[in-house]
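Q: Could you work out the structure for the sequence below:
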Amino acid sequence: MYTKILDALRREFSAEAARERIGGLIRFHRIQAGPEMRQAAHWCRDQLRAARLEAEVLAYPARTSAKFWASHGFQEWECRSACLEVAAPAKEQRTLADYRESPIGVLQRSVALDAEAEVVVLADGTEPEHYAGLEVRGKFVLTDAMVGEVYRNAMVERGAAGIICDGMRVFDPIRPKGDLPDARMYQGFWWFGEQPTGTGFVLTPRQGRWLRDLVAAEAKEGRTVRLRGIIDSTLRDGEIEVVTTTVPGATDEEIVVVAHFCHPYGFANDNASGCCTVMEVAGALHRAVASGALPKPRRTIRILLVPEMTGTFCYLAGRERDLPKMLAGVNLDMVGEDQKQTGSSLIVEHEPLATGGNLSFLLEAVREALIPELKALGGVGGYATFRHTSIPFSGGSDHWILCDPTVGIPSAMLIQWPDRFYHTSADTMDKVDPKSLERAGLMAGTYAYFLANAGPGEAFWLAEELASRVSSQIAEEGRVIVRQALDAADTSEAARLLTTLAARCELIGEATGAAFEHLRKFGLSEPEEFAPRVSLLASAHAARAWEAVERVRGPLPAWQPAPQEGQGRAERLVPSRACKGPVWTEPALQNADPSVRARLHALKKAHPDLPGAATDLALFWVDGERSIAEISRRTELEAGAACLPFLLGYFDLLAELGLVTIEEKVPAAA
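A: Here you go, the predicted structure:
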């Protein structure tokens, strides 16, 4: 169904051209919002225009009073120069960070600074107890932790002069502890409130160890180490830019292709690779249509190059009335990785179950067409030279916004992950592989054009393909659970596993039914003929799993989950969303009483094993009808982790922040 599209794009897509564009884009220090981000936006527009596309730059207000759904505005930041030096002892004087040489040597969005002060080494610094016995007022604090909680504890609460970060996040086994000793990690502040005060610098881990050793050696002699920090920067009201173009279709319905073009100077894979691949996809589709290799599509393909998250919020909130016309999307995050160096895999990330549409399997189908790169030794069959996989929804990029059920644009993500050099100064051009750019471009371009041109025949094929893939997914999950149940320590645990499988199959069947309904928009006339088939297969797979275990282990007991803490209250409380779009807590937290953030921090610490995506998945299930208990059940089936006690506390905090409202249901018996 998509071979002609793929072949046409192969002829038009230039991986080398995409790579060359990356080299051009990374010359800009792309911190949203600011002068160089603006320059980068106009550069992207000009690149698209050079490819004969009608591109434009849209500007939105960058100021704290602006609001785009749950996303608050923020001021743009300009840093003109910055330098951190050792002032004392005199024999060790040297420069530790210079903005001219490495712009991420500054904590991004740092306010202006001109200070000479003693440096104090922290044990992490993210908790109040880390400051016991330390006086940090008016001093620089040195930490290897992420800057957010250190800022609140050291600067806001205790008056530190600035923060020096020398940490490097660990991603075992790709980036083990001690790796990349000479790279700087990308860290900074987000200012949504009116009184930003944070400022500081970033060192390499090797520099940090040297400075820590120096502080310890001087302390033994009763002396201190003093640093001199100067930052010439400005925060002011300005603008945030979004670049857009289209491959025009016959109707005003749209398929959305999005990538973010922000991030620091020199950063190549994150995310110049996604942005420049999308620009080449746009040009390749335009050329294929102009030459007649592909007909003008039924629907318009909308290209969006955005500052990550914030630009997508701005654009969609500004076109809220047009959301029903945006039928599907794909987000290209980091896609250019040289897998041998970065340790990454090419990943298709699926939509969440609550979205009501599932089209990511089409990306998988196109990827399968790209897999037979080499013939087997005997000349039969083929296989890939690259790592690839698919994963459930995880969020963390712009598809998070499109997929929100209140927005309603089912969107998959293409990404290469993990990446050894992610968010460090080592994310450079030599880590980019043109073949990776090509694979991602062919997948995204074929996906977008196929959906843009889909009619009843294509919609029927999509429904058949979806039914087949969901059935295979459920069957594989059943096989895994059978093995686990056979190995379970007792029959009660085996029964729990199988009961959970049946409930998950039911939820997947329900979500797939909604996906078939979504295919009506592409011309599927009778989606109801597919949904019962999937539900029947889901029930059959679950029943066969139960039967297989009972044949080996004997009869299993019935199993019901034990009531969780707060179960009764959770059954009565029904949350509703306070605004369109996903819930973004950070802007609201910065303008709330500090105790609210402290309580949220404590709540997350009390549930360390809860997947990070669980909060988003839970909020996606909020529809003003489901209780917190039902939302928790669905989230647990999707994320695989019990979360009711956490969600009770979390929804209470969201209500306090004005992000949700909560109504208490009157029990039916009353």
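Q: Let me know how buried residue 528 is, in neighbour terms.
A: Using other CB atoms under 10 Å, residue 528 is surrounded by 11 other residues. (C-beta placed from N, C-alpha, C; glycine too.)
Q: got a pLDDT number for it?
A: In this model, residue 528 is scored at 88, pLDDT.
Q: Please apply the same query to residue 371.
A: 91.
Q: Give me the distance between the nearest residue to residue 4 once chain neighbours are set aside and residue 12.
A: Spatial nearest neighbour of residue 4, chain neighbours left out: residue 294 (7.5 Å); criterion: CB to CB, 6 or more residues apart in numbering. Remark: distance between residue 294 and residue 12 (CB to CB, to the nearest Å) = 9 Å.
Q: Adjacent strands (with direction) for the lowest-mean-pLDDT helix or strand in the chain?
A: Lowest on mean pLDDT, DSSP states H and E among the helices and strands of the chain sits strand 374-375, with a mean of 86. Counting by DSSP bridges, the strands paired with strand 374-375 are strand 382-383 (antiparallel).
Q: residues contacting residue 349?
A: Taking CB atoms under 8 Å, 6 or more residues apart in numbering as the criterion, residue 349 is in contact with 360, 390-394, 399, 412-415.
Q: Just list whatever residues bridge to it.
A: residue 391, residue 413.
Q: That one and residue 262, how far apart?
A: When residue 349 is compared with residue 262 (using CB to CB), they lie 20 Å apart.
Q: Check residue 634 too.
A: Residue 634 is 33 Å from residue 262, where distance means CB to CB.
Q: Helices of the stretch 101-250 of the chain, start to end?
A: 147-150, 205-220 (DSSP state H, counting those that start in this stretch).
Q: what's in contact with the longest one?
A: If I follow you right, that is helix 205-220. Contacts of helix 205-220 (CB under 8 Å, 6+ apart): 86, 89, 92, 96, 119, 121, 142, 144, 164, 166-168, 178, 180-183, 203, 224-225.
Q: could you point out which element follows the longest helix that the chain contains?
A: Taking DSSP state H as the criterion, the chain has its longest helix at helix 456-487. Per DSSP states H and E, the first helix or strand lying C-terminal to helix 456-487 is helix 491-518.
Q: quick one: contacts for the residue nearest to residue 4?
A: Residue 294 makes contacts with 4-5, 8, 285, 288, 449, 453, as judged by CB under 8 Å, 6+ apart.
Q: The same query, at a cut-off of 10 Å, please.
A: By CB atoms under 10 Å, 6 or more residues apart in numbering, residue 294 lies in contact with 4-5, 7-9, 12, 247, 284-285, 287-288, 449, 452-453.
Q: now swap in residue 356 and tell me
A: By CB under 10 Å, 6+ apart, the neighbours of residue 356 are 403, 405, 408, 410, 511, 513-515, 517-518, 620.
Q: Got phi/psi on it?
A: phi 90, psi 10 (degrees, to the nearest 10).
Q: gap between it and residue 328?
A: Taking CB to CB, one finds residue 356 at 12 Å from residue 328.
Q: circling back to that earlier point, now list the buried members of the contacts of residue 294.
A: 5, 8-9, 12, 247, 284-285, 287-288, 449, 452-453 (16 or more other CB atoms under 10 Å).
Q: The residues you listed in helices, which ones?
A: 5, 8-9, 12, 284-285, 287-288, 449, 452-453.
Q: returning to that earlier point: and the helices of the stretch 101-250 of the chain, which one's lowest on average pLDDT?
A: Across the helices of the stretch 101-250 of the chain, the lowest-scoring stretch is helix 147-150, with a mean of 94.
Q: what's the neighbour count on residue 580?
A: The number of residues packed near residue 580 is 16, by other CB under 10 Å.
Q: ok, it touching residue 317?
A: Yes. If you go by CB atoms under 10 Å, residue 580 and residue 317 touch, sitting 7.5 Å apart.
Q: okay, and the common contacts of the two?
A: Shared contacts of residue 580 and residue 317, counting by CB under 10 Å, 6+ apart, come down to 68-70, 323, 407.
Q: Have a look at this protein and report its longest strand.
A: In the chain, assigned by DSSP state E, the strand with the most residues is strand 76-88.
Q: list residues touching both of residue 294 and residue 12?
A: Shared contacts of residue 294 and residue 12, counting by CB under 10 Å, 6+ apart, come down to 284-285, 287-288.
Q: Between which two of these is the distance greatest?
A: Greatest spacing in these, by CB to CB: 285 and 287 (7.4 Å).
Q: what's the overlap in contacts for those two?
A: 8-9, 12-13, 294.
Q: Much appreciated, bye for now.
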